[in-house]
Every structure is written in structure tokens, then in C-alpha cells.
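Enquirer: Give the three-dimensional model of this entry:
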Amino acid sequence: MNKIIEAINYASDSYWGNPESFKFKASIDSYSTTIEITDNTNRIIKGTFTIKMFGYIIPDSIQKELTSIKKYNSKAQVVIGIETVNNINNI
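Expert: As a prediction, the model looks like this:
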């Protein structure tokens, strides 16, 4: 249980979420562990912690719209003009 609590504590006060999308700051305040022994054979250890997420609740429709790639292609016009000269010395 100690390794699990250490891993969670390591991630505390950092930003959680999808790296390609939104991230929110997570803070873990308190831990408590309880040990239960039943039938003198099994031992159950429960760990409880509180986590605070600092961020906004974003609906799926808005998140999909923000993360989608939007392309805009406009028409291009290339104009080539030809000029001819009768005598090169007149230029």
C-alpha cells in the first residue's frame, strides 16, 4: 500500500489530463489507511484520499469541436502575362 500512496502523492500538485487536450491541476490533501482483519486469515488494507481538481467541466461536444482540425482552402489565381518586343535594342 505504501508504494501506491507514494505514486499518488508523487502526482499530487501537478496537471492531470490528456496531453493533447485539456489539463487540470490536481491536489491531494489527506490520506488515511485502515486495516481490517476478518476470520483471522485475511487482512484487508483500505486507503482513502481526497483529491481536488481545479478546472472546468467541459462537455464532449465542445471538446470535440476544439480539438478537431479545421482546414480552410481558398482558391488561388495565377496570372501569367506575355510581353513581346520587336527589337531588343528599343528597351
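
Enquirer: okay, which residue is most central for this structure?
Expert: Geometric centre of the chain, nearest residue: N18, 2.7 Å, by CA atoms, centre = their mean.

Enquirer: do you know how far that one is from I8?
Expert: 19 Å (CB to CB, to the nearest Å). Where C-beta positions appear, they are placed from N, C-alpha and C, glycine not excepted.

Enquirer: related to what we said a few turns ago, okay, the residue nearest to the centre of the chain and I28: tell me how far apart.
Expert: N18 is 20 Å from I28, by CB to CB.

Enquirer: Identify the bridge partners of K23.
Expert: Applying DSSP bridges to K23 gives these bridge partners: G17.

Enquirer: my guess is it contacts M53, does it?
Expert: No: judged on CB atoms under 8 Å, K23 makes no contact with M53 at a distance of 10.5 Å.

Enquirer: any idea of the pLDDT on the residue nearest to the centre of the chain?
Expert: As predicted, N18 sits at a pLDDT of 76.

Enquirer: same deal with K52?
Expert: 83.

Enquirer: Tell me the spacing between it and S21.
Expert: 20 Å.

Enquirer: Repeat that for T41.
Expert: From T41 to S21 the distance is 46 Å (CB to CB).

Enquirer: Give the residue from those two that has the larger number of neighbours.
Expert: Using other CB atoms under 10 Å as the criterion, T41 and S21 rank with S21 on top: 11 against 6.

Enquirer: Check which helix or strand the more buried one maps to.
Expert: Using DSSP states H and E, S21 falls within no helix or strand.

Enquirer: Quick check: nearest residue in space to S14, chain neighbours excluded?
Expert: A26 (6.7 Å; CB to CB, 6 or more residues apart in numbering).

Enquirer: Can you show me the strands along the chain?
Expert: Assignment of strands within the chain using DSSP state E yields the ranges 14-17, 23-38, 42-54.

Enquirer: In the chain, where is pLDDT below threshold?
Expert: 1, 58-68, 91 (pLDDT under 70).

Enquirer: One more pass at 80, please.
Expert: Low-confidence segments of the chain (pLDDT under 80): 1-2, 4-14, 16-22, 37-42, 55-74, 78, 82-91.
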